[in-house]
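Q: predicted model and sequence follow; I will ask about them next.
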Amino acid sequence: MSAEAQTSSEYILHYLTNMTYGKLPAGSYCDGTQVLARESWTLAHCDEQIQQMGFFAIHLDSMGWAITLGLVFSFLFARVARKAATNSGAPTGLQNIIEMVIEFVDGTVNDIFHQKNRLIAPMALTIFVWIFMMNLMDLLPVDWLPRAAGILSGNSHIFMKVVPTTDPNVTLGMSFTVFGLMLFFSIREKGLIGFIKELTLHPFHAPKWYVNVFLVPINLVLETVSLIAKPISLGLRLFGNMYAGEMIFILIAIMFGAGMFLFPLAGVLQWAWAVFHILIITLQAFVFMVLTIVYMAMAHDVSEEH
């Protein structure tokens, strides 16, 4: 289906739908028409099929672009590191930029994290640059890569989202990975008993044990909710901001097809939103990195008496 044959709502839905691969049951329907006579693993061609695939479906576009950008990040930094090791002269070009990023992240880690752990700084650098690169894909015209994929595959109906951070599976996957590390370091540094005390003796604590008997259940509920809210808010914050930005780009793209009257206005809005969005892209990567460092610092903090 070409963009000209689509309504505005169909255009928005098409470019906000992931390329989904999963298992479809026999007799699967798409737009009211049966497309599969028997059970099969295949790409979804409509929203109905995506729903039928269920939980174990894979978003190939989000996974593919996230892994590709991660490999690009690793290649660029490894190449610059090798060049810096063999070049004693003044750094130039890309090496300057990468060294500035490393110094910025290192300074941020030193300001927040005051314990000793060699994993934190590399993890913070990876999170910041990787999320920034995934967010940066949002500046590409929304239909360029999906249309190119449609031409190469011969299927104009193909779905493709090129901004991995507009997929909650990606952002929540990253945030729950951070959450897992937070739990691991908390138990390692404080011990299992210390971790349990942290959940049951805060924020309310009394010197008399028989009073604490009534306070422990309240503390446990409050601390458990607070603990679980950390990864959920971390992932949804990034997803929500990037999804909203992508939606605005799509709405502006629709204006380009609304006739010559709106075409100049759409061009101005596209430029203005792209410039402003550069700030959002960088800020969201920075916020995710800072909160990750804060959570790691909280996990290593054993100064409080339990």
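A: Noted; the coordinates are in hand.
Q: element containing Leu192, please.
A: In this assignment (DSSP states H and E), Leu192 forms part of helix 168-200.
Q: packing partners for that helix?
A: helix 60-86, helix 120-136, helix 209-256, helix 263-300 (3 or more C-beta pairs under 8 Å, 6 or more residues apart in numbering; DSSP states H and E). Glycine gets a C-beta too; all of them are placed from N, C-alpha and C.
Q: out of these, deepest packed?
A: Among those, helix 120-136 has the highest mean neighbour count (mean count of other C-beta atoms under 10 Å), at a mean of 21.
Q: now the element after that helix, going C-ward?
A: Per DSSP H and E, the helix or strand that comes after helix 120-136 is helix 144-153.
Q: which residues does Ile248 contact?
A: Applying C-beta atoms under 8 Å, 6 or more residues apart in numbering, one finds that Ile248 lies in contact with Trp273.
Q: report pLDDT for Gln270.
A: Per-residue pLDDT puts Gln270 at 89.
Q: ugh, typo on my part, it should be Val35
A: 68.
Q: same check on the one 4 residues further on?
A: Looking at Glu39, its pLDDT reads 86.
Q: returning to that earlier point: kindly reformat the helices and strands packed on helix 168-200 as CSV containing distance to Gly180.
A: Compiled in CSV, those are given as follows (distance: least, C-beta to C-beta, whole Å):
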stretch, distance to Gly180
helix 60-86, 18
helix 120-136, 12
helix 209-256, 9
helix 263-300, 11
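Q: for Val142, which of the ones you listed is the nearest?
A: helix 209-256 (5.3 Å; C-beta to C-beta).
Q: the closest one to helix 263-300, inter-axis angle?
A: 160 degrees (axes from the mean of the first three to the mean of the last three C-alpha atoms, to 10 degrees).
Q: helix 209-256 - what's its average pLDDT?
A: Mean predicted confidence for helix 209-256 is 92.
Q: so how far is it off the chain centroid?
A: 14 Å (C-alpha atoms, centre = their mean, to the nearest Å).
Q: what's the local residue count around the nearest residue to Cys30 once chain neighbours are set aside?
A: The shortest distance from Cys30 to any non-neighbouring residue, by C-beta to C-beta, 6 or more residues apart in numbering, is to Cys46 (4.2 Å). Using other C-beta atoms under 10 Å, Cys46 has 19 other residues around it.
Q: for Ser28, see how far away Cys46 is.
A: As judged by C-beta to C-beta, to the nearest Å, Cys46 and Ser28 stand 10 Å apart.
Q: returning to what we had before: and of the helices and strands packed on helix 168-200, who's closest to Leu13?
A: Nearest to Leu13, of all those, is helix 209-256, at 9.9 Å by C-beta to C-beta.
Q: what about Asn155, is that helix, strand or coil?
A: Applying DSSP: H, G, I helix; E, B strand; the rest coil to Asn155 yields a three-state assignment of coil.
Q: how much space between it and Val213?
A: For Asn155 relative to Val213 (C-beta to C-beta), the value is 64 Å.
Q: appreciated, that's everything.
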